[in-house]
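In: Fold the following for me, if possible:
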Amino acid sequence: MPARLEVHYRENVVPKLMERFKYKNIMMVPRIEKISVNIGVGEAAAEPKLLETAMQELGQITGQKPQVRKAKKAISNFKLREGQAIGCRVTLRSKIMYEFMDRFVSVAVPRIRDFRGLSDTSFDGRGNYNAGIREQIIFPEIDIDKVPRINGMDISFVTSANTDEEAFELLTLLGMPFKKKN
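Out: From the prediction side, this is the model:
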């Protein structure tokens, strides 16, 4: 059974985008290709237990086992050696991606403290959107009492859109709450 957001995309979003941008073919309509979630744990160099808890929490949030990210080069000012584990990431695709985005938009984002909308300036010029989250505890999968340290995360929405305008319209129709323009 397909994810709820995927059904919404096919039935509602595709026709609206075809009408708005005058696409001749349904294959021209932009779609989300993947979502990448990254947690950087710089303090993991001194305390490896922090990376383990970050990996466990990211696995709970996304439903997929995270991949350990290692330092590409040594930086002496940060007491960092090449090959040292400093973060973790997950790349979500297809059904899991749609389910994560649905939970992110409808459950997690409204739980952000003093939330006024996501920034609409975080597009990269090629139709991809990056959001920075300051606290992992906005996700209901995380038990706040068992969190030893608040971690932030970067979430990248990679789309097949050619321009930021198309990607903005796609994400807006999928329910992404952007800031209201005055």
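In: Okay, now the unreliable bits of the chain?
Out: The chain contains residues with pLDDT under 70 at 44-46, 76-80, 181-182.
In: Please, where are all the helices along it?
Out: With helices called from DSSP state H, the chain shows them at 4-8, 14-21, 48-62, 94-103, 164-173.
In: send the alpha carbons of the shortest one over as CSV?
Out: Just to be clear, that refers to helix 4-8. In CSV, the C-alpha atoms belonging to helix 4-8 read as follows (Å, rounded to 0.1, in the frame of the first residue of the first chain):
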residue,chain,number,x,y,z
ARG,A,4,-0.5,8.7,2.2
LEU,A,5,1.6,11.6,1.0
GLU,A,6,2.5,9.7,-2.2
VAL,A,7,-1.2,9.2,-3.0
HIS,A,8,-1.8,12.9,-2.3
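In: Run through the neighbouring helices and strands of that helix.
Out: With contacts taken as 3 or more CB pairs under 8 Å, 6 or more residues apart in numbering; DSSP states H and E, helix 4-8 sits against helix 94-103. C-betas here are computed from N, CA, C, even on glycine.
In: So for the helix it packs on, what gets flagged as buried?
Out: 96-103 (16 or more other CB atoms under 10 Å).
In: May I have the beta-bridge partners of the residue nearest to the spatial centre of the chain?
Out: Geometric centre of the chain, nearest residue: Ile155, 2.6 Å, by CA atoms, centre = their mean. Beta bridges link Ile155 to Val37, Ala131, judged by DSSP bridges.
In: now swap in the one 4 residues further on and tell me
Out: Applying DSSP bridges to Thr159 yields these beta-bridge partners: Ile32.
In: Now for it: which residues touch it?
Out: 30-33, 127-129, 166-167, 170-171 (CB atoms under 8 Å, 6 or more residues apart in numbering).
In: and the gap between it and Phe21?
Out: 13 Å (CB to CB, to the nearest Å).
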